[in-house]
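> Sequence plus the predicted model coming up.
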Amino acid sequence: MPTKKVDEDIRELVVRYRPIITFRVRKALGASNTDCEDLVSEIISQVLEKIKTGEFRGESSLGTFVYTISSRRIVDYIREKTKIMKYAPEPLPFPDPQETLETQETANKVRKALSKLKPKYRDIIYLYYYQELNREEVAAKLGISTRKVSELVNYALKLIRNEIKK
Amino acid sequence: MKKCRFEGLIDGYLLNKLSERDKEAFEEHYFNCSSCFQKLQERDIIIRTVKNNPDLFEQKEPARSSVMANLRREVASFFTPKQLALAGVTAALFVAIIFVVVPRPEGPAPVFLLTDEEAIRGSSITLISPVIDMYQIPTSFEWKKLGEDIEYQVAIYNSELLWKTNTKENRITLPDDIKAKMVPGEKYSWQVKAFGSDGSLIAVSSRVQFTIAAQ
């Protein structure tokens, strides 16, 4: 049944790309922007429309095709807003991760993991992610090599990931 | 599992440190690589949680914490728990000897003489009346006596000095002409300074405010 197959493909496409498009849109506009959801829905509609009308010819991967449509729509949105607001909306740099229950739960686990980290790992996370120092600056501050900084960051992330998986 | 070459860009992307070209390349990549997207989402939550919870890092400034930790470690390695306890008891005994056993010399409190120009912290003359809001214009002002042969200078103010007089008593009666200048509903304040027999300033009261209730 070709129609059923097409419906399944569409469902799969939406399930697969909605989170990615949402992430991209939120990163560009800021998670607190109330237009995010509308923009994501618009992008998905455009993608489906273009697939139906045969505009997607498989010259690039489907991911790249979706990415291109998302990026164009985001640029258009910013252009429209800029016309009205004189300045583009400035996304909040690091909104609290509380969008979904799942995200909130993960954030709680991360908090728990951070509080349990040994000082040497917590210090690294603080300098590298909170203060946003680069590896060389962290190395200079702590008197260790940049290689050691990378090792400590990776290990700290591993410990946090273990807590998330619990 | 083989590591994707784009994984190294995750932090740079989330911390906005990538060039525009790298940023676009990485964005296109995570639309195509579910593994990188999953890691990106996870790292995003980690970074945002770090950014939104500075309290988790308070008092944990690396330099300070390592110095304190080293100090604690060194003390711990230098003394056994028994020795540490003994040191604590010895310190407590030492403090007890200084403050309890050793007699403190009893003698007259030193007298500090001040000039009229010097600022004085705190008051050493207690004003008795009026110190609260009054229902009528006060007829007299009273304060606690400091000793013999002391001259007091009393000053009464509204927005500026209203009246100033000297007396050896610890109270004064307000003259009628000054009383006539005081108006119900207005705010007043008064202050007393004490001078020794040689004319040096000994003590100053605080400046107390009172209001005469409007009739």
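That came through, no problem. Numbers count the residues shown, from 1 in each chain, chains lettered A, B, ... in the order given.
> Who are the contact partners of residue 10?
You didn't say which chain, so I picked chain A. Contacts here follow CB atoms under 8 Å, 6 or more residues apart in numbering or on different chains; on that basis residue A:10 touches residue A:48. For every residue, glycine as well, the C-beta is placed using N, CA and C.
> Oops, wrong one, chain B.
Applying CB under 8 Å, 6+ apart, the residues contacting residue B:10 are B:36, B:39, B:40, B:43.
> Format those residues as TSV; extra columns: secondary structure and neighbour count.
Shown next, in TSV, are the contacts of residue B:10 (DSSP: H, G, I helix; E, B strand; the rest coil; neighbours: other CB atoms under 10 Å in any protein chain shown):
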residue	secondary structure	neighbour count
B:36	helix	20
B:39	helix	18
B:40	helix	24
B:43	helix	20
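> I'd like to know how many residues surround the residue in chain B positioned nearest to chain A.
Using CB to the nearest CB, the closest approach of chain B to chain A is made by residue B:32 at 3.4 Å. Neighbour count of residue B:32, defined by other CB atoms under 10 Å in any protein chain shown: 18.
> And the next helix or strand past the least confident helix or strand in chain B by mean pLDDT?
Across the helices and strands of chain B, mean confidence by mean pLDDT, DSSP states H and E is lowest for helix B:62-78: a mean of 56. For helix B:62-78, the following helix or strand on the C-terminal side (DSSP states H and E) is helix B:81-96.
> after the lengthiest helix in chain A, next one along is what?
With DSSP state H setting the assignment, residue counts place helix A:2-29 as the longest helix in chain A. Later in the chain than helix A:2-29, the nearest helix or strand by DSSP H and E is helix A:36-52.
> How far does that next one sit from its chain's centre?
18 Å (CA atoms, centre = their mean, to the nearest Å).
> so how far is the helix or strand following that helix from its chain's centroid?
Next in sequence after helix A:36-52, counting helices and strands by DSSP H and E, comes helix A:62-85. Helix A:62-85 has its C-alpha centroid displaced from the chain centroid by 16 Å (CA atoms, centre = their mean).
> same thing with stretch B:168-181?
The answer for stretch B:168-181 is 39 Å, by CA atoms, centre = their mean.
> Now that stretch: buried residues?
Across stretch B:168-181, burial judged by 16 or more other CB atoms under 10 Å in any protein chain shown covers B:170, B:172, B:174.
> Can you name the residues that contact the second one?
Neighbour list for residue B:172: B:140, B:141, B:154, B:165 [criterion: CB under 8 Å, 6+ apart].
> what ranges of chain A fall below the confidence cut-off?
A:1-6, A:83-99 (pLDDT under 70).
> Distance check, the residue of chain A found nearest chain B against residue A:54.
Distances between chain A and chain B by CB to the nearest CB are smallest at residue A:63, namely 3.4 Å. In this view, residue A:63 and residue A:54 are 19 Å apart by CB to CB, to the nearest Å.
> Looking at those two, which has the bigger crowd around it?
residue A:63 (19 against 7).
> Tell me the spacing between the more buried one and residue B:198.
Distance of residue A:63 to residue B:198, given as CB to CB: 97 Å.
> Equivalent analysis for residue A:151, please.
78 Å.
> if you count what's nearby, which of those two comes out ahead?
Neighbour count, other CB under 10 Å: between residue A:151 and residue B:198, residue A:151 has more, with 13 against 6.
> If we go by neighbour counts, what in the host helix or strand of that one is buried?
Residue A:151 is part of helix A:146-165 when elements are defined by DSSP H and E. The neighbour-count check on helix A:146-165 (16+ other CB under 10 Å) flags A:149, A:150, A:152, A:153, A:156, A:157, A:159, A:160, A:161, A:163, A:164 as buried.
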